[in-house]
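Asker: Make a model of this:
(chains A and B)
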Amino acid sequence: MSTTTESTEAKRRGAFSSRRVFILAAIGSAVGLGNIWRFPYVAYENGGGAFMIPYLVALLTAGIPFLYLDYALGHRTRGSAPLAFRRISKKTEWLGWWQVGICFVIAVYYAAIIAWSLQYTIFSVDKKWGADPEGYFFGDFLEAADITDGLTLDVVPGVLIPLALTWIAVIAIMALGVQKGIGATSVVFIPVLFIAFVILVVRALFLPGAVDGLDALFTPNWEALTHAGVWAAAYGQIFFSLSIGFGIMITYSSYVGRKTDMTGSGAVVGFANSSFELLCGIGVFSALGFMAQAQGVAVDDVAADGIGLAFVAFPTIINEAPAGALIGVLFFASLILAGITSLVSISEVVISAVRDKFEMSRVGATLAVTLPAAIVSLFFFSTTTAIYVLDTADKFINSFGILLVAVVSMLVLAWAVRTLPVFATHLNEYGSVPVRMWWIVLISAITPAGLTVVLVKEFIDTIEKPYEGYPDWLLNSAGWGLAAAVIVFGVLATLVRWRPDTPLTVPAAEPREEIDR
Amino acid sequence: MSIEAVVMMIVAILVIWGGLALAVVNLSRSPDRNDP
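Answerer: Below is the predicted model:
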């Protein structure tokens, strides 16, 4: 592809202006809520300091190699997830649409958590939750109804308004395009997020009891390394944290120049994500150590993750800590910054696919995707039963959506289409980290095997015990039903024809020029 | 904090943040060849 053709393609599809912007956007996507509220607890629960060993093994044998697979697919084929798979083989296009379906579902509920964080940033100033943060969050803020009575359409205005604002922001960013929207947002948000979190961590480290929290997090339990579950947790954490396997990295890498060092960039993204995760672990457990000391209990009694950590434990810490309001604003603003850059990347998977399939304008495709997503989001996630639908959809779409499509697509690319040697050659053309036989072995056998263990464990756990004791009708609709529906959507979407002027073959590589190495 | 916990914290920081530093140094040696 000549430079002129590449520039025409960049104008038509959109492109990142430089490698730096691409890397910041990829870090923005990878660094999300999971880094802040999932990693610290997973590490604590699975061996503490000893967890670092399976975690690093998973990063090097699954995370970064899988990142390279996504990069190779998107960067070589220059397409959104469905177009990238279509250009590899007609029979694999459905995998791309399956990923698009997953991203649409996640975007719809992910926005709600950002909306809660928006409200809680403001609440932090005067500690609006009062002396009982748990009762306030579920009762006063979410107005959570009893799910056994069925779904309600009772709207909670305190959630509806910030949720609408979140969608307006996302629609504006997406309409501005790849560079001026996604790229510019990441270039500003990621450094601000880093600075905000560093201030938060430093503050937390000086709280009384912080050392006890760090002691709980880092004291190694070497015996844990003999448990398969601990290794599965490490592979699961790396996998869910890096935004791999469901179209985001395919889409982003299709927007970066042909001569980009993708392997060198991927190493930076992988280690940056883990570096931020470690920082989150230090900050969160310092704060939990303070909370334990203030309440006169063990760290184990206050350790939490997810929604409970963010909206119950942190408000408790903010209540009791000196300069609590500062901690609150920094913490919830960090959730917003990390959440928005991830939500933007998830939305782009869908918008990019619609643009490629229908040759639509940027604004047209943005509105065609985000308006329905916003309406569904506002409809389901501003009601008094939103929390249950969100929790169920999140659990099932992660385990039986993202993880399943990742394993299937990896096996298809490795064993059915047998495209890994071609990908390795592509990555090596401008890459600074040589991709050799080790990568093909990892991607075709080791990584799918590791992720399959995680998947099977999730499946057995979910079958044996109804998730969170929720009623069957909820698990069968927002859980299993949704996970199955995105697969059906993937297959059906392939029936829609591509526009005649969309080339369905891999774009020819630019003739290799002599370059200074 | 126990000695073991301190050691593990330092090792984790050195390996992960050190890995990031190495990755950044490696990338800075490989110039962005795309047209501006």
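Asker: what about the helix or strand hosting residue A:251, average pLDDT?
Answerer: Residue A:251 is part of helix A:248-253, with elements assigned from DSSP states H and E. Helix A:248-253 carries an average pLDDT of 98.
Asker: what helices or strands is it leaning on?
Answerer: With contacts taken as 3 or more CB pairs under 8 Å, 6 or more residues apart in numbering or on different chains; DSSP states H and E, helix A:248-253 sits against helix A:19-30, helix A:64-77, helix A:81-88, helix A:93-126, helix A:324-358. Placement of C-beta: from N, CA and C, glycine included.
Asker: if we go to 7 Å?
Answerer: With contacts taken as 3 or more CB pairs under 7 Å, 6 or more residues apart in numbering or on different chains; DSSP states H and E, helix A:248-253 sits against helix A:19-30, helix A:64-77, helix A:81-88, helix A:324-358.
Asker: how about the residue of the stretch 201-350 of chain A found nearest chain B, what does it touch?
Answerer: Here the stretch 201-350 of chain A gets closest to chain B at one residue, residue A:257, 3.0 Å apart by CB to the nearest CB. With contact set as CB atoms under 7 Å, 6 or more residues apart in numbering or on different chains, residue A:257 has these partners: residue B:34.
Asker: part of a strand, is it?
Answerer: No. Looking at residue A:257 with DSSP: H, G, I helix; E, B strand; the rest coil, it is coil, so not inside a strand.
Asker: And the pLDDT at it?
Answerer: On the pLDDT scale, residue A:257 gets 94.
Asker: Look up how far residue A:354 lies from it.
Answerer: 24 Å (CB to CB, to the nearest Å).
Asker: ditto for residue A:202
Answerer: Taking CB to CB, one finds residue A:202 at 44 Å from residue A:354.
Asker: Same check on residue A:334?
Answerer: From residue A:334 over to residue A:354 (counting by CB to CB), the distance is 31 Å.
Asker: Between those two, tell me which one has more neighbours.
Answerer: residue A:334 (26 against 19; other CB atoms under 10 Å in any protein chain shown).
Asker: so the more buried one touches residue A:197, yeah?
Answerer: Yes. Between residue A:334 and residue A:197 there is a contact at 5.2 Å, judged by CB atoms under 7 Å.
Asker: Would you mind listing what in chain A touches chain B?
Answerer: A:3, A:18-19, A:49, A:52, A:56, A:211, A:214-215, A:218-220, A:257, A:259-261, A:264-265, A:267-268, A:271-272, A:274-275, A:278, A:430, A:432, A:515 (CB under 7 Å from any CB of the partner chain).
Asker: Now list the buried members of the residues you listed.
Answerer: The neighbour count (16 or more other CB atoms under 10 Å in any protein chain shown) marks A:18-19, A:49, A:52, A:56, A:211, A:214-215, A:218-220, A:257, A:259-261, A:264-265, A:267-268, A:271-272, A:274-275, A:278, A:430, A:432 as buried among the residues of chain A next to chain B.
Asker: Go through those and flag which are in strands.
Answerer: If you go by DSSP state E, these have nothing in strands.
Asker: Could you count how many residues lie near the nearest residue to residue A:114 once chain neighbours are set aside?
Answerer: Sequence neighbours aside, residue A:339 is the residue nearest to residue A:114 in space, at 4.2 Å (criterion: CB to CB, 6 or more residues apart in numbering or on different chains). Using other CB under 10 Å, residue A:339 has 23 neighbouring residues.
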